[in-house]
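Participant: this one's structure only:
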């Protein structure tokens, strides 16, 4: 979440005229995250998040995201719900951008997760995977193996600006992962971006998940591998095996891993680290002037990748069969 | 408003423990403005703005700002009100910063003000000046004539990075204004930063004023001159005399200008433009890395200053006696 596109009061009044939400009372740009523009909107009828879709989001994918949020809520998951206009349509347009209003979800994200948080995230991720089982739409993961090469192609010439040797390091990883990337793992709807700022807690209990704009169809274990990267490393990029154990066993309590998934964890974690290294690299080299956004450091994922290069089995992530 | 200092859930829980506001439900950084860190906070008891004071704010000045907001509200002005802890104290500390909770004010700020908005701002500014009449505290304006020289001293060496000749241009202005700056104009509490993003409207009617962190004791007409700069120029930096007329006559309906104030308007407007040029110049040259803030363009005020240099009387601003 960030602010790339400014919304005027006239834009907003025109947009809200199609909804049954009364007049706008306040609109504040939210200074979090890196994708899309997000505003906290209060109207006479309540509090909402107004999202304007920017850069990486393909407009044709929006119905997938919106229907998925509705589907998951019907399955009992707590996540934001698209608000429909009087014409029954969730997808609108404001300030020249596709835009959606979703319900506001109370909750705080956890800046310094503990193993207790990790265990709950594991459970919630598995619940999400199960809740998506009968969702009828598919969306290819554009940020998996096939998507990494074009990302790298656009950034490789300047990669060594981040740290000398980075271009070779990433090139080597890409070649290796292309050889060993697992096929035929159980797949379905994955969140694909379940970082701490997308998970809300209240009183120590997980209260909801947000930001489904990377959700897609891919292997469940890859989603778990993303969470190992996002939740189980310390600030100094050392892996906290207690958190890994809590996350993996939390997940397995809801949806048991297959033997193939467990065997694939190290290479999936390595691929997940490369995926975030690549997008951070691109973002770092291409911060739009004036965007109120703090680009995230690609080096964090270089360090995580180095850890994964030396992992030999799921035990290195705390997995205890 | 922006986000310079991150607040963790632990920081917040510890801070809120001193208040009767229940538990935090959500905390969102606000991506607006350039001073201080601001969060929109929802607790079990309501919605608030949490402000962490940064850089330009002197902690010793905070009681002045907080008491002023309370005083103005008692006089009937709509503005945020400091929320007190159980111990009866408004000023707290969070994440190592002095911090205050204030009540949340509904309203939207106007991106493209019309003359109707300008007239209401004029009235509101005069009401503020009258409401501050019996406020017992004083605060010197650190960003008036005496404050400009040190600001310039810190930025002059790099001023020409913005545009060639800027150092000389500012130096000449400073020398001129030191000669002609008016003394003995009627003075009292002024807002000193009443830009469009600090004025809320609902349904076309002015509904409240915010951000009193530049408020100080200075001449009323200087505050009006700041508003002429902030409200009455078009995007292309041309002065809209209809807006100027609306603003000045709106003000005078509530508090008539003295002849000396009217005579001083061109030089006050020139000084006000220089004040914002200088702070923008300093900000532009010193954006903190990673601050989620869009520094404002100093050139806007170079252009405004050029207009003021050619103004010969208040008539050039639309004043009609």
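Facilitator: All right, it came through fine. In this text the structure is predicted, and so the values were computed from the model without any measurement.
Participant: Count the residues that sit near residue A:42.
Facilitator: Number of residues near residue A:42 (other Cβ atoms under 10 Å in any protein chain shown) recorded here: 21. (Each C-beta comes from the backbone N, C-alpha and C, glycine too.)
Participant: Do I have it right that it meets residue A:24?
Facilitator: Yes. With contact defined as Cβ atoms under 8 Å, residue A:42 reaches residue A:24; the gap is 7.4 Å.
Participant: Give me the phi and psi for residue A:220.
Facilitator: phi -60, psi -40 (degrees, to the nearest 10).
Participant: for residue A:217, same thing?
Facilitator: Here residue A:217 shows phi and psi, under degrees, to the nearest 10, equal to phi -100, psi 120.
Participant: for it, which residues make a bridge with it?
Facilitator: Here residue A:217 sits in beta bridges with residue A:140, residue A:189, going by DSSP bridges.
Participant: ok, now which ones touch the closest residue to residue A:225 other than its chain neighbours?
Facilitator: In space, and not counting its chain neighbours, residue A:225 is closest to residue A:268: 3.7 Å by Cβ to Cβ, 6 or more residues apart in numbering or on different chains. Residue A:268 sits next to A:182, A:219, A:221, A:222, A:224, A:225 when contact means Cβ atoms under 8 Å, 6 or more residues apart in numbering or on different chains.
Participant: try 10 Å this time
Facilitator: Contacts for residue A:268 were tallied using Cβ atoms under 10 Å, 6 or more residues apart in numbering or on different chains; they are A:177, A:181-182, A:185, A:219, A:221-226, A:228-229, A:261, A:308, A:314.
Participant: near chain B, which residues of the stretch 1-150 of chain A show up?
Facilitator: A:1-3, A:6-13, A:23-32, A:37-40, A:42, A:44, A:47, A:49, A:104-112 (Cβ under 10 Å from any Cβ of the partner chain).
Participant: ok, is stretch A:238-254 in contact with chain B or not?
Facilitator: No. Counting by Cβ under 10 Å from any Cβ, chain B has no neighbours in stretch A:238-254; the shortest distance is 17.1 Å.
Participant: buried set for that stretch?
Facilitator: Under the neighbour-count criterion of 16 or more other Cβ atoms under 10 Å in any protein chain shown, stretch A:238-254 has A:239, A:240, A:243, A:244, A:245, A:246, A:247, A:248, A:249, A:250, A:251, A:252 buried.
Participant: Likewise for stretch A:155-170?
Facilitator: Neighbour-count burial for stretch A:155-170, counted by 16+ other Cβ under 10 Å, picks out A:155, A:156, A:159, A:162, A:166, A:167, A:169, A:170.
Participant: ok, these vs chain B, which is closest?
Facilitator: Distances from chain B to the buried residues of stretch A:155-170, taken as Cβ to the nearest Cβ, are shortest for residue A:162 (15.1 Å).
Participant: Distance of the closest one relative to residue A:297?
Facilitator: Going from residue A:162 to residue A:297 by Cβ to Cβ, to the nearest Å gives 9 Å.
Participant: And for residue A:240?
Facilitator: 19 Å.
Participant: all helices of the stretch 151-300 of chain A, in order?
Facilitator: For the stretch 151-300 of chain A, helices defined by DSSP state H, counting those that start in this stretch occupy the ranges A:166-180, A:220-231, A:241-254, A:259-285, A:299-310.
Participant: From the contact counts, what lies against the last one?
Facilitator: In terms of contact count using 3 or more Cβ pairs under 10 Å, 6 or more residues apart in numbering or on different chains; DSSP states H and E, helix A:299-310 is assigned the packing partners helix A:166-180, helix A:220-231, helix A:259-285.
Participant: what angle sits between the shortest one and helix A:241-254?
Facilitator: Helix A:220-231 and helix A:241-254 meet at an angle of 150 degrees, taking axes from the mean of the first three to the mean of the last three Cα atoms, to 10 degrees as the criterion.
Participant: Now do helix A:220-231: which elements does it pack against?
Facilitator: If you count contacts as 3+ Cβ pairs under 10 Å, 6+ apart, helix A:220-231 packs onto helix A:115-131, strand A:187-190, strand A:199-202, strand A:216-219, helix A:241-254, helix A:259-285, helix A:299-310.
Participant: List the contacts of stretch A:147-160.
Facilitator: A:140-143, A:161-162, A:165-171, A:173-174, A:177-178, A:271, A:274-275, A:277-286, A:298.
Participant: if you set the cut-off to 8 Å instead, what comes out?
Facilitator: A:141, A:143, A:166-167, A:170-171, A:174, A:177, A:274-275, A:278-279, A:281-282, A:285.
Participant: Just say helix, strand or coil for residue A:38.
Facilitator: At residue A:38, secondary structure determined by DSSP: H, G, I helix; E, B strand; the rest coil is strand.
Participant: domains in chain A, as residue ranges please.
Facilitator: Using automatic domain parsing, the domain parsing of chain A gives A:9-103, A:115-317.
Participant: Turn those domains into JSON lines, including mean pLDDT.
Facilitator: Below are the domains of chain A laid out as JSON lines (pLDDT from 0 to 100):
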{"stretch": "domain A:9-103", "mean pLDDT": "92"}
{"stretch": "domain A:115-317", "mean pLDDT": "94"}
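Participant: This completes my enquiry, with thanks.
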